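Chemist: Generate a structure from the sequence data that follows.
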Amino acid sequence: MNCYAWLRGPALGTTAAIAGLLASPVLAATGGEGGGGLPQLDADTYPTQIFWLVVTFVILYLIMSKVALPRIAEVLEERQERIADDIETAERLRAEAASVQAEYEKALAEARGKAQDLFRETGALIAKDHTDAETEAAKKLARKTKTAETRIAKQRAEALENLRTVASETAAAATAKLIGIEPSANDVSRAVEAAAGGEA
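Modeler: The predicted model follows:
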């Protein structure tokens with residue numbers, strides 16, 4: 001309550017002073033005549049009005065030039081700097097994005113080239129391995145075939161030799177039974193050879 005009373009006192013005094021200033025020209029214009037009139041149209045008050053107009057203009061000009069306008073200029077300058085910084089940042093980010101995209105495309109092209117080279121190299125290696133495998137298989141097959149042929153020829157020779165022996169023994173025994181004379185081994189061998197040669 002004391003604060004409000006303290007504020008109310010000067011405010012009432014100021015209000016009273018303003019009312020007095022406003023009322024004095026009116027009283028001066030109407031003084032003694034009792035008639036009405038507009039004080040602002042009274043030529044006697046023009047110098048005072050012009051004086052206060054000039055004082056008010058000077059005060060407002062000083063306030064605007066010293067306080068308001070510098071602050072406005074500072075705010076506009078800060079805003080302009082912020083906009084310039086934002087534009088510069090956007091340009092830098094755009095340039096970085098373009099650089100990253102170019103590097104990505106370059107890396108992608110290199111990767112595709114390397115993949116194609118690797119594919120060709122792999123195909124050549126597979127073809128070479130396949131050819132080598134076929135060659136090695138053919139060599140193994142030839143060796144096995146030669147070994148088998150040698151073994152078959154040896155077994156055939158042994159079989160023929162055994163067959164000649166059995167044939168000679170059988171022919172000697174049959175001749176001895178038929179004619180009662182046992183032929184010599186040389187005669188039997190020659191007869192078997194002759195028979196084998198005639199069959200061949």
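Chemist: Where does pLDDT dip in the chain?
Modeler: In the predicted model, the chain carries pLDDT under 70 at residues 1-37, 39-40, 183, 188, 192, 196-200.
Chemist: So Thr170 versus Glu158, what's the distance?
Modeler: From Thr170 across to Glu158, the span is 18 Å (C-beta to C-beta, to the nearest Å). No exception for glycine: its C-beta is placed from N, CA and C like everyone else's.
Chemist: In terms of residue numbering, what are the domains of this structure?
Modeler: According to the domain assignment given by automatic domain parsing, the chain is divided into the following structural domains: 44-93, 150-199.
Chemist: how about a markdown table for those, with mean neighbour count and distance to Glu136 added?
Modeler: Supplementary listing: these in a markdown table, determined by neighbours: other C-beta atoms under 10 Å; distance: least, C-beta to C-beta, whole Å:
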| stretch | mean neighbour count | distance to Glu136 |
| --- | --- | --- |
| domain 44-93 | 10 | 62 |
| domain 150-199 | 12 | 21 |
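Chemist: Can you show me the strands along this structure?
Modeler: Using DSSP state E, no strands are assigned anywhere in the chain.
Chemist: biggest helix in it by residues?
Modeler: The longest helix of the chain (DSSP state H) is helix 69-179.
Chemist: what's the distance between that helix and the middle of its chain?
Modeler: The gap between where helix 69-179 is centred and where its chain is centred comes out at 29 Å by C-alpha atoms, centre = their mean, to the nearest Å.
Chemist: Against which helices or strands is that helix packed?
Modeler: In terms of contacts (3 or more C-beta pairs under 8 Å, 6 or more residues apart in numbering; DSSP states H and E), helix 69-179 is packed against helix 185-199.
Chemist: Point to the residue nearest the middle of the protein.
Modeler: The chain has Tyr104 as the residue nearest its centroid, 7.2 Å off, counting by C-alpha atoms, centre = their mean.
Chemist: Compute the distance between the residue of the chain most remote from its centre and Ala174, please.
Modeler: With distances taken from the mean C-alpha point of the chain and given as C-alpha atoms, centre = their mean, the most distant residue is Gly180, at 107.9 Å. Between Gly180 and Ala174 the computed distance is 12 Å (C-beta to C-beta).
Chemist: cool, Leu141 as well?
Modeler: Taking C-beta to C-beta as the criterion, Leu141 is separated from Ala174 by 47 Å.
Chemist: Then Phe119?
Modeler: Applying C-beta to C-beta, the value for Phe119 to Ala174 is 79 Å.
Chemist: Now for the residue nearest to the centre of the chain: which residues touch it?
Modeler: Counting by C-beta atoms under 8 Å, 6 or more residues apart in numbering, Tyr104 makes contact with nothing.
Chemist: Is there a neighbour count for Gln116? I'd like the number.
Modeler: 10 (other C-beta atoms under 10 Å).
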